[in-house]
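K.L.:
build me a structure from this.
(one chain, ligands or ions: 2)
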Amino acid sequence: MPSDWSFVSVDMELTNQCGSECLMCPRESISRPKGMMPEDVFNIVSDKLIREESLITFSGMGDPLSHPNVFEWISEIRNKGCDVGVVVNPEALNESISQKLVESHPNSITVSFPSIQRDVFEKLCHMVPYEDALKRTLELANLSRGKVGLRVAGITTEISSDELRAFVRFWKERNIKADMTVCHGRGGNLKNPEIYKLKTFGLDSGSCGLFQFHTFVTWEAEVLACCHDLTGATRIGNLIDDDISVIAERKQDILKSTMPFHLCQQCDEPLRLYSLSQGPPPKNRKERTEFFRSISYDSLS
Ligand code: SF4
Ligand code: SF4
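P.N.:
Ligands and ions are numbered 1, 2, ... in the order given. A predicted model of the protein is given here:
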C-alpha cells in the first residue's frame, strides 16, 4: 500500500477527448493539449502506481472507453495484482463494449447517469436519448452482476435538486447501487447558471482534503492538483521523470501552507472540505475501503 496519502487513490486520464457534450461539463475550456495516453507513457506510469499499490481509476475530462487500449490495460493492471476502476457514460456503451468491459474485469464500474427524469437527463446529456441510456446501463449492469461491482452516479443540479431519494430508489428497485453528488463548478470552470449556481467556495482551512489523498495524472503523465485544472497551471511534476516519492514530497510541502493555486480560490468541490488525515495512510485494502466509505459527501456539501 502507498507509504504516503497522496497516492492512495489516483485518477488516470487515458484521454481528455470525448464525443459527448454534457451541459455540466466545461470541456470547452480545456486549453492543455488534447490526446490519448501512448503505450510507453502508460507502461511507465502504471508500473510506478502498481508498485505503489495505488487504487487507479480511469476517469477525468474525457471518455476512457474511447481509448483503444482501455480493456487490455484494465486486465493488465488486474493481472499485476493492483486495483482499477473505470468511470463510463451511457453514450459510450453498446452490447459489445459492455461485454469487453466486464471481461476485462475492473474492480469497479461507475456509470455517470445524471438524472432519472427524462427531460432533465436529455437536457444535461442531449446526445443520447434517455431510453437508450437506460437500456445500455441496465445491459451493462446485468452483464456485471456477480462479476464486477457497478454503481450509478447521479448529479443534482438547479433543475433536479430534490431527486436524490427517487434516484436511489429507482436504481435499488433494479438491484443497482446508486448515489448522487451535487453539481459543482470544477474550479470555476463551469459557467451555466441554468443548471449550476456557485454557493460556497474556496478553502476556509487553506488546505484541500481531496488533494491529500488523491492524485490526478493526465494522458501525458503530468501530475496536476486535480482534474479540475483544464489549463495545466497547477503542475506538480511528471510521472515519466519524477518518482512517486518526489511527487509525494512536493504535495506534502504544498499542504504545509495555503494551497497556492488560483484554481482553488474558486473551487466548490465538496471533497475539498474533507479534514486532512493526521494518521498514516491505509495499510491494506480493507482499511482503504473503510476510509473511502467514511467520507460522507452529504456532510461536506
Ligand atoms: S461524458 Fe464526461 S467527459 Fe464527456 S462531456 Fe460528458 S461529463 Fe464531460
Ligand atoms: S481545492 Fe479544488 S481545485 Fe484545489 S486541488 Fe482541491 S479540488 Fe482541486
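K.L.:
just give me the neighbour total for the closest residue to Gly209 other than its chain neighbours.
P.N.:
Distances taken as C-beta to C-beta, 6 or more residues apart in numbering put Tyr274 closest to Gly209, at 2.7 Å, once the chain neighbours are dropped. Where you see a C-beta, it was placed from the backbone N, CA and C, and this is true even at glycine. Counted by other C-beta atoms under 10 Å, the residues lying close to Tyr274 total 23.
K.L.:
in the stretch 51-200 of the chain, what residue is nearest ligand 2?
P.N.:
At 4.2 Å from ligand 2, Gly187 is the closest residue in the stretch 51-200 of the chain, using C-beta to the nearest ligand atom.
K.L.:
nearest spatial neighbour of that residue, skipping sequence neighbours?
P.N.:
Gly187 sits nearest to His228 (C-beta to C-beta, 6+ apart), 3.5 Å away.
K.L.:
around ligand 1, pick out the residues from the stretch 1-150 of the chain.
P.N.:
Within reach of ligand 1 by C-beta under 6 Å from any ligand atom, the stretch 1-150 of the chain has these residues: 18, 20-22, 25, 27, 61-63, 89.
K.L.:
if we use 8 Å, what do you get?
P.N.:
Applying C-beta under 8 Å from any ligand atom, we find that the stretch 1-150 of the chain lies next to ligand 1 at 18-22, 24-25, 27, 60-63, 87, 89, 91-92, 112, 125.
K.L.:
which stretches of this structure form strands?
P.N.:
Counting by DSSP state E, the chain has strands at residues 9-12, 55-58, 83-88, 108-112, 149-156, 177-182, 214-217, 222-224, 237-238.
K.L.:
nearest residue to the residue most central in space within the chain other than its sequence neighbours?
P.N.:
Centroid-nearest residue in the chain, with C-alpha atoms, centre = their mean: Ser59, separated by 4.8 Å. Excluding its sequence neighbours, the residue lying closest to Ser59 (C-beta to C-beta, 6+ apart) is Val87, at 3.9 Å.
K.L.:
might one say that the one you found is in contact with Ile56?
P.N.:
No - with contact defined as C-beta atoms under 8 Å, Val87 and Ile56 do not form a contacting pair (11.8 Å).
K.L.:
tell me which of these two has more neighbours.
P.N.:
Ile56 (27 against 19).
K.L.:
okay, and the beta partners of that one?
P.N.:
Assessed by DSSP bridges, Ile56 has beta-bridge partners Val10, Val84.
K.L.:
that one is in contact with Val45, isn't it?
P.N.:
No - Ile56 lies out of contact with Val45 (C-beta under 8 Å); the separation is 9.3 Å.
K.L.:
overlap in contacts, these two.
P.N.:
Met12 (C-beta atoms under 8 Å, 6 or more residues apart in numbering).
K.L.:
next up, the contacts around Met61.
P.N.:
By C-beta under 8 Å, 6+ apart, Met61 lies in contact with 13, 16, 18, 25, 27, 30, 227, 230.
K.L.:
low-confidence ranges in the stretch 151-300 of the chain?
P.N.:
Counting by pLDDT under 70, the low-confidence segments of the stretch 151-300 of the chain come to 296-300.
K.L.:
what residues does it have near ligand 2?
P.N.:
Counting by C-beta under 8 Å from any ligand atom, the stretch 151-300 of the chain comes close to ligand 2 at 187, 203, 208-211, 225-229, 234, 259, 261, 263-264, 266-269, 271-272.
K.L.:
which of the residues you listed fall within helices?
P.N.:
Judged by DSSP state H, these include 209-211, 263-264 as members of helices.
K.L.:
most proximal residue of the stretch 1-150 of the chain with respect to ligand 2?
P.N.:
Closest approach between the stretch 1-150 of the chain and ligand 2, counting by C-beta to the nearest ligand atom: Asp11, at 11.4 Å.
K.L.:
let me know whether that residue touches Gly60 as I believe.
P.N.:
Yes - assessed by C-beta under 8 Å, Asp11 is found in contact with Gly60 at 5.8 Å.
K.L.:
need the residues touching each of the two.
P.N.:
Residues touching both Asp11 and Gly60 (C-beta under 8 Å, 6+ apart) are 216, 227.
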